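> structure for this input, please:
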Amino acid sequence: MKVIRIAAALLIGADGRTLLVRKRGTQAFMQPGGKIDAGETAPVALARELHEELGLRIEPDQAAFLGEFSAMAANEPGFEVNCQLYRLDVDQDVVPAAEIEEVVWIDAGSVDHLHLAPLTQDSILPLYRTLQIA
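Model prediction:
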């Protein structure tokens, strides 16, 4: 199985909701973030991706490591994603850019109306729900 290494953000807004993004030409909503380039640390990759995709400026040391998760890739058949997940609390507006077509802020309630990436559905949103209760 081929593996794609990514850094992703559990981005939490001032109201406690979390941000999901959908890339142009795809169906699945997922956490913002992207591939880690050679020689890049995961927090540096995350800062770069958040700036490119959402216009967010963060310092890599603002990202709090939550864990490492793996799942089948939503948009690359035959690939697995290995995700370094970080929590970021933000109060800045986000603007979809680059390949991001749509953004949605969700709470810990029902997301049945959204098509979710496997990693988001099976690993990240359950973790988000535990953070909401804590």
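> helices of this protein, start to end?
42-54, 118-119, 125-133 (DSSP state H).
> rank these by mean pLDDT and give me the bottom one.
Sorting the helices of the chain by mean pLDDT places helix 125-133 lowest, at a mean of 87.
> elements contacting it?
strand 2-12 (3 or more Cβ pairs under 8 Å, 6 or more residues apart in numbering; DSSP states H and E). C-beta coordinates here come from the backbone N, C-alpha and C atoms, glycine included.
> report the buried residues of the strand it packs on.
Within strand 2-12, the residues scored as buried using 16 or more other Cβ atoms under 10 Å are R5, I6, A7, A8, A9, L10, L11, I12.
> circling back to that earlier point, let me have the helices of the chain in JSON lines, extended by mean neighbour count.
Below are the helices of the chain laid out as JSON lines (neighbours: other Cβ atoms under 10 Å):
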{"stretch": "helix 42-54", "mean neighbour count": "21"}
{"stretch": "helix 118-119", "mean neighbour count": "20"}
{"stretch": "helix 125-133", "mean neighbour count": "14"}
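> show me the one of those that comes nearest S70.
Shortest distance between S70 and these, using Cβ to Cβ, is found for helix 118-119: 7.7 Å.
> just give me how far that closest one sits from the chain centre.
11 Å (Cα atoms, centre = their mean, to the nearest Å).
> now stretch 46-59
12 Å.
> how near is A14 to H51?
Between A14 and H51 the computed distance is 20 Å (Cβ to Cβ, to the nearest Å).
> any stretches of the protein with poor pLDDT?
133-134 (pLDDT under 70).
> closest to the centroid, which residue in it?
In the chain, the residue lying closest to the centroid (Cα atoms, centre = their mean) is Q31, at 2.0 Å.
> wait, that residue touches L20, no?
Yes - at 6.7 Å, Q31 counts as touching L20 under the criterion of Cβ atoms under 8 Å.
> intersection of neighbour lists for these two?
The contact sets of Q31 and L20 overlap at T120 (Cβ atoms under 8 Å, 6 or more residues apart in numbering).
> what's the closest non-adjacent residue to L10?
R87 (4.8 Å; Cβ to Cβ, 6 or more residues apart in numbering).
> no more questions from me, cheers.
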